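>>> sequence first, predicted model second:
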Amino acid sequence: MAGKKFKAASAKIDRNKRYSVAEGFAVLKTTADFVKGKFDQTIDVAINLGVDPKHADQMVRGAVVLPNGTGKTARVAVFARGEKQSEATAAGADVVGEADLAKRIEEGFMDFDTVIATPDMMGVVGRLGKVLGPRGLMPNPKVGTVTQDLTRAIKEAKGGKIEFRAEKAGVVHAPLGKASFGPEKLTENFNTLIETIFKLKPATAKGVYLQGVTLSATHGPGVKLDTQEIAAKYK
């Protein structure tokens, strides 16, 4: 049944067309509605960039607070000591600790989506690199997850902040929200993400920076967007 629905949804998409942003989200809504099940599907975007992440000066990595959130409340783990633990708890952290938390994670505890740490805790957190690194959870000052301002970092994480980075092929994958958001809110989130990615364009990147953009719902086919239309806004 799911296969039939997917095929029917795919038939609504012109594979040879590159849709405008407005058209793309409108089409995506019809396909997401067509194949929706008992849950609210996540809308994702894959952004193909003309960079080679193997070179440090071409890595595109950052974080952005989506104006309409992601539709999911992040579970936040915080490494801090002393008064900073109280600050983290008051700001809404789900789990707070130092060496004790590191030990729990080493033993398999992974009930969190974001890890934040104060700078003085990175000696402890650093030992978890093999566990947190492959999952994209290692705190990093570049994306605001190594900070003394725990209140701000936790509220941003809970309020729709996402982290992203270009993978080996130069592709950035990111969630934009839920299908129930509707085209307008999803477009606002998309525009915020794209603007941030253009601001992070490496000076050493050659040729076309934005090479491909594909929207998709959890159980739906991809919708390709017109990259020239998008890039024209940021020249």
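Alright, I've got the coordinates. Numbers count the residues shown, from 1 in each chain.
>>> now the terminal residues of stretch 99-115, how far apart.
End-to-end distance of stretch 99-115 (Cα to Cα, to the nearest Å): 14 Å.
>>> return the distance of that stretch from the chain's centre.
21 Å (Cα atoms, centre = their mean, to the nearest Å).
>>> let me see the mean pLDDT of it.
Here stretch 99-115 scores 96 as its mean pLDDT.
>>> do I have it right that Val96 meets Glu83?
No - between Val96 and Glu83 there is no contact under Cβ atoms under 8 Å: 11.8 Å. C-beta here means a position set from N, CA and C on the backbone, and glycine is covered the same way.
>>> of these two, who's got more company?
Under the neighbour definition other Cβ atoms under 10 Å, Val96 and Glu83 were set side by side, and Val96 has more, 23 against 8.
>>> for that one, what are phi and psi?
Main-chain dihedrals, Val96, degrees, to the nearest 10: phi -130, psi 140.
>>> what comes up buried for the lengthiest helix in the chain?
Counting residues, the longest helix found in the chain (DSSP state H) is helix 182-199. Buried residues in helix 182-199, counted by 16 or more other Cβ atoms under 10 Å: 183, 185-190, 192-194, 196-198.
>>> possible to save those residues as CSV with distance to Thr227 and pLDDT?
Shown next, in CSV, are the buried residues of helix 182-199 (distance: Cβ to Cβ, whole Å; pLDDT from 0 to 100):
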residue, distance to Thr227, pLDDT
Pro183, 19, 92
Lys185, 22, 95
Leu186, 18, 96
Thr187, 16, 96
Glu188, 19, 96
Asn189, 18, 97
Phe190, 13, 97
Thr192, 18, 96
Leu193, 14, 97
Ile194, 10, 97
Thr196, 16, 96
Ile197, 12, 96
Phe198, 12, 96
